[in-house]
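> output the structure for:
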Amino acid sequence: MAKEFILNQRFSQQVEDYDEIIQVESDTIVVAVIIGFVLTRFYQNQPCQFDIEHPTDKKINNAEKQAEYLSEWQDFLNVLNALAEVVDRFEPGCGKWLRDGQSATGDEGALITGKSGGATSEPKSRATPNNYSKMAMINNAMSKRTTVYQGRGAYTGLVENPISANTNLYPTMRVSANTTERPWPGKDDNYWGLISPENNPKVNLSTNPAEGMGPLPTGTEKSVKIGYVHGMCTAISHCVDEGPWATPYEMTTGSSTTKLASCFPCTTFMYSSGYPPSSIHLGRGESWLPPRAGNRLEVNAARGNQLETHCDSAICSNLSKRWHREIYQQLSLGARVLTHERVEELIGAYDVLAAKILSSELKLYGKSSQTPVPQFDVETQGGSLFLSALSVHDSEVNRLKRCLQPAYATYNFATNYVLRDVGQKK
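Residues are numbered from 1 along each chain as shown. As a prediction, this is how the structure comes out:
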């Protein structure tokens, strides 16, 4: 393990075990933010629940697939139990505060809600009633949905404004990450951060909106760092612009998207902006970025023009500053937990070392008004390590399994031990 984080642009690929170190660092950073998030909810007396996806009818009606789902659910519970054990060792009582749940079920057009001021309410109660303005919003979105991205993980941001209808659709957008917010140069100069599944690495560049977001603009340098702004976050920026009566949503779009829950990176932004979600999952938030004004790294296939984000610069800047501060605070708290003497035995050895390095690096952050001026500004770079970690693609569940491996392994054993005894009694 290097003495300083690679993800803070410290070392080149000449470092021994570069890939392994990056994985440990990204796991530790993301898990630290998750831990800080959970404790924040506990300290503020706000419900904290992570949901597993509701099974489809195909899984429910097939005995083999139903068994697979139940196994996945138990594994999810083991992950949350490991997380609960960690936070409880640091803050007794917090473990019981963390709950598991199941996201709602729904076909294309179903909604995730961001509830203004809803942090103290139960997650599922944050969904809004089906009134006229909401139904008109959905009807409009469904009629236009084929004009926006509908591929893997396609969620379209919407705004319900009962005073003046907003008929715009805000799809997931591919944008460039600036070197201030995401300083790590990445593993290679080949559009680092681009969502590129192993089984279909160029799918995100497809001109078919049912598969991809279209090609990159002509002349885009391979060294550009790519990120993604999710529809919910863009919708929130427009709600702030339109008034306190406006409500942000994210609509499942296309046949490949069924999970009715916000990813963890989106969740952090929703809380910092004051619009907590109706459900949270611990899947992927690959190369996530906060909303911003400017051009997208997308070209309209029909017209050949580069697309814009259509976001207000001042509003996005203010929301981003608040998010960076909160991520820094939660990351700092999480690092403190991971290095606590009662917690260390629950964490992988390399992750403990990474957490200690993380704690040291976080001391380099501060306010730009301080004297002497800190190396990193909390308001614009407080979440930079988190953003760099998210460009190392994986699910948050997998990160938790690796980082909390000793605790996770114990709960796995306990599950198998109990089930073995149940089988013997039969």
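
> roughly how far does residue 414 sit from residue 358?
Distance, residue 414 to residue 358, using CB to CB, to the nearest Å: 30 Å. Yep, even glycine has a C-beta here, placed from its N, CA and C like the rest.

> which of those two has more neighbours?
residue 358 (25 against 12; other CB atoms under 10 Å).

> from what I can see the more buried one touches residue 5, true?
Yes: counting by CB atoms under 8 Å, residue 5 is a contact partner of residue 358 at 7.0 Å.

> which residues do these two both contact?
Counting by CB atoms under 8 Å, 6 or more residues apart in numbering, the common neighbours of residue 358 and residue 5 are residue 385.

> next secondary structure after the lowest-mean-pLDDT helix or strand in the chain?
One helix or strand of the chain scores below all others by mean pLDDT, DSSP states H and E: helix 57-60, with a mean of 76. The helix or strand immediately downstream of helix 57-60 is helix 63-90, counting by DSSP states H and E.

> moving C-terminal from that following helix, which element do we reach first?
helix 94-97.

> contacts for that following helix, please.
Contacts for helix 94-97 (CB under 8 Å, 6+ apart): 38-39, 41-42, 48, 84-85, 87-88.

> mind doing that once more with 7 Å?
38-39, 42, 48, 84-85, 87-88 (CB atoms under 7 Å, 6 or more residues apart in numbering).

> among the residues you listed, which one sits closest to residue 297?
residue 38 (33.7 Å; CB to CB).

> surely that closest one meets residue 47?
No: here residue 38 does not reach residue 47: they are 11.2 Å apart, not a contact under CB atoms under 7 Å.

> show me which of these two is the more surrounded one.
More crowded of residue 38 and residue 47, by other CB under 10 Å: residue 38, with 26 against 20.

> per-residue pLDDT of the more buried one, please?
Looking at residue 38, its pLDDT stands at 98.

> low-scoring stretches of the protein, by residue?
1-3, 9-15, 302-303, 419-426 (pLDDT under 70).

> quick one: the helices in it?
18-43, 57-60, 63-90, 94-97, 132-144, 231-242, 264-273, 313-338, 349-361, 378-381, 384-390, 396-403, 405-425 (DSSP state H).

> any idea which of the ones you listed is most buried?
Mean neighbours per residue, mean count of other CB atoms under 10 Å, is largest over the helices of the chain for helix 384-390, with a mean of 27.

> how far away is residue 206 from residue 360?
Counting by CB to CB - residue 206 and residue 360 are separated by 43 Å.

> ugh, wrong one, I meant residue 161
47 Å.

> the closest residue in space to residue 76 that isn't next to it in sequence and residue 75, how far apart?
Using CB to CB, 6 or more residues apart in numbering and skipping the chain neighbours, the partner closest in space to residue 76 is residue 52 (4.8 Å). Look at residue 52 and residue 75: by CB to CB, they are 9 Å apart.

> was I right to think residue 87 contacts residue 36?
No: at 9.7 Å, residue 87 and residue 36 do not qualify as touching, with contact defined as CB under 7 Å.

> give the contact list for the closest residue to residue 323 other than its chain neighbours.
Excluding the flanking residues, the one nearest residue 323 by CB to CB, 6+ apart is residue 272, at 4.4 Å. For residue 272, the contact set (CB under 7 Å, 6+ apart) comprises 322-323, 326.

> now, among these, which is nearest to residue 192?
residue 323 (22.0 Å).

> name the residue closest to the centre of the protein, please.
residue 265 (2.4 Å; CA atoms, centre = their mean).

> got the contact list for that residue?
Contacts of residue 265 by CB under 7 Å, 6+ apart are 285, 288, 390.

> what about 10 Å?
If you count contacts by CB atoms under 10 Å, 6 or more residues apart in numbering, residue 265 has them with 30, 33, 228, 230, 233, 284-290, 323, 327, 383, 386-387, 389-390, 396.

> from residue 204, how far off is it?
18 Å.

> and stretch 185-203, what's buried?
185-186, 191-196, 203 (16 or more other CB atoms under 10 Å).

> give me the neighbour count for residue 262.
28.

> next, count neighbours for the residue nearest to it when sequence neighbours are not counted.
Nearest residue to residue 262, sequence neighbours excluded (CB to CB, 6+ apart): residue 277, at 4.0 Å. As a burial measure, residue 277 scores 26 neighbours (other CB under 10 Å).

> enumerate the beta-bridge partners assigned to residue 277.
Counting by DSSP bridges, residue 277 forms beta bridges with residue 114.

> list the contacts for it?
Contacts of residue 277 by CB under 10 Å, 6+ apart are 51, 112-115, 118, 123, 126, 232, 248, 250, 260-263, 266-267, 269-271.

> can we see that at 7 Å?
By CB under 7 Å, 6+ apart, the contact list for residue 277 reads 112-114, 262, 267, 270.

> distance-wise, check it relative to residue 44.
Applying CB to CB to residue 277 and residue 44 gives a distance of 16 Å.

> just residue 315 next, same as before
From residue 315 to residue 44 the distance is 25 Å (CB to CB).

> just residue 64 next, same as before
Counting by CB to CB, the gap from residue 64 to residue 44 is 43 Å.

> what of residue 108?
35 Å.

> more neighbours: those two, which one.
Set side by side, residue 108 and residue 44 show more neighbours around residue 108, with 16 against 11, by other CB under 10 Å.

> which non-adjacent residue is nearest the more buried one?
Residue 108's closest residue in space is residue 252 (CB to CB, 6+ apart), at 5.6 Å.

> can I assume the one you found is in contact with residue 155?
Yes: with contact defined as CB under 7 Å, residue 252 and residue 155 form a contacting pair (6.3 Å).

> which one's more surrounded, these two?
Under the neighbour definition other CB under 10 Å, residue 252 and residue 155 were set side by side, and residue 155 has more, 27 against 23.

> next up, the contacts around the more buried one.
Contacts of residue 155 (CB under 7 Å, 6+ apart): 172, 230-232, 250-253, 257.

> what does residue 299 give?
214-215, 217, 305-306.

> still on that earlier bit, how close does the residue nearest to residue 76 sit to residue 182?
In terms of CB to CB, residue 52 sits 30 Å off from residue 182.
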